[in-house]
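Enquirer: sequence first, predicted coordinates after that:
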Amino acid sequence: MSETGLAGRLTEFGHAQSFRVYFEDTDFSGVVYHARYLHFLERARTDFLRLKGIGHRALMEGAFGEPMAFAVRHMEIDFLAPARIDDVVVVETRTVLLGGARVVLDQKIYRGEILLVAARVKVAVISPDGRPRRMPRAVAAILDPAFSAPKGG
């Protein structure tokens, strides 16, 4: 299976990735446990970066200059409707703001046309020792919403 198929797909707005809800994602009633949505959101953010050419390992190895990482600093999340076992949900991720040392992303989880979860995620850029640092220009350029998806992406 190609990396693209495994990691969702880049879109005109950012990234979309599908996940199936498994038994391990649910509570005793077959409804997705609220904390499991964070897993779906995290995986989608990671694969969004990966498809844009920004792998976490490469960041820590200094592929864009000095070693760096991303760390979630703040998250606002609204749980609007439940997902249930065997549902297929789609996580959409888009960059809404780039700053010198932060990225703000909007993420939404849908089941079909139904919005289940809406989240705004503020991510800080940090050095390997956890101190804030400026985002390398190359990374900012890639995450800029104006940066288009590759052909066939």
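Expert: Now that the structure is in, tell me what you want to look at.

Enquirer: against residue 105, how distant is the residue nearest the centre of the chain?
Expert: Nearest to the mean C-alpha position of the chain, by Cα atoms, centre = their mean, lies residue 45 at 1.5 Å. For residue 45, the distance to residue 105 (Cβ to Cβ, to the nearest Å) stands at 7 Å. In this view, the C-beta of every residue, glycine as well, is placed from N, C-alpha and C.

Enquirer: now the element after the helix or strand of the chain with the lowest mean pLDDT, going C-ward?
Expert: Within the chain, judged by mean pLDDT, DSSP states H and E, the helix or strand with the poorest mean is helix 3-6; its value is a mean of 63. Counting by DSSP states H and E, the next helix or strand C-terminal to helix 3-6 is strand 9-10.

Enquirer: list the helices and strands that next one packs on?
Expert: Applying 3 or more Cβ pairs under 8 Å, 6 or more residues apart in numbering; DSSP states H and E, one finds that strand 9-10 contacts strand 15-20, helix 36-51.

Enquirer: okay, the ones you listed, which one's buried deepest?
Expert: Highest mean neighbour count of the helices and strands packed on strand 9-10: helix 36-51, a mean of 20 (counted as mean count of other Cβ atoms under 10 Å).

Enquirer: any chance you could give me it in PDB, C-alpha atoms only?
Expert: C-alpha atoms of helix 36-51 as PDB (Å, rounded to 0.1, in the frame of the first residue of the first chain):
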ATOM      1  CA  ARG A  36     -10.400   8.400  21.500                       C
ATOM      2  CA  TYR A  37     -11.300  11.300  19.200                       C
ATOM      3  CA  LEU A  38      -8.000  12.800  20.300                       C
ATOM      4  CA  HIS A  39      -6.300   9.800  18.800                       C
ATOM      5  CA  PHE A  40      -8.000  10.300  15.500                       C
ATOM      6  CA  LEU A  41      -7.100  14.000  15.500                       C
ATOM      7  CA  GLU A  42      -3.500  13.300  16.400                       C
ATOM      8  CA  ARG A  43      -3.000  10.700  13.700                       C
ATOM      9  CA  ALA A  44      -4.600  13.000  11.100                       C
ATOM     10  CA  ARG A  45      -2.200  15.900  12.100                       C
ATOM     11  CA  THR A  46       0.800  13.600  11.900                       C
ATOM     12  CA  ASP A  47      -0.200  12.300   8.500                       C
ATOM     13  CA  PHE A  48      -1.000  15.800   7.200                       C
ATOM     14  CA  LEU A  49       2.600  16.800   8.100                       C
ATOM     15  CA  ARG A  50       4.000  13.600   6.600                       C
ATOM     16  CA  LEU A  51       2.200  14.100   3.300                       C
END
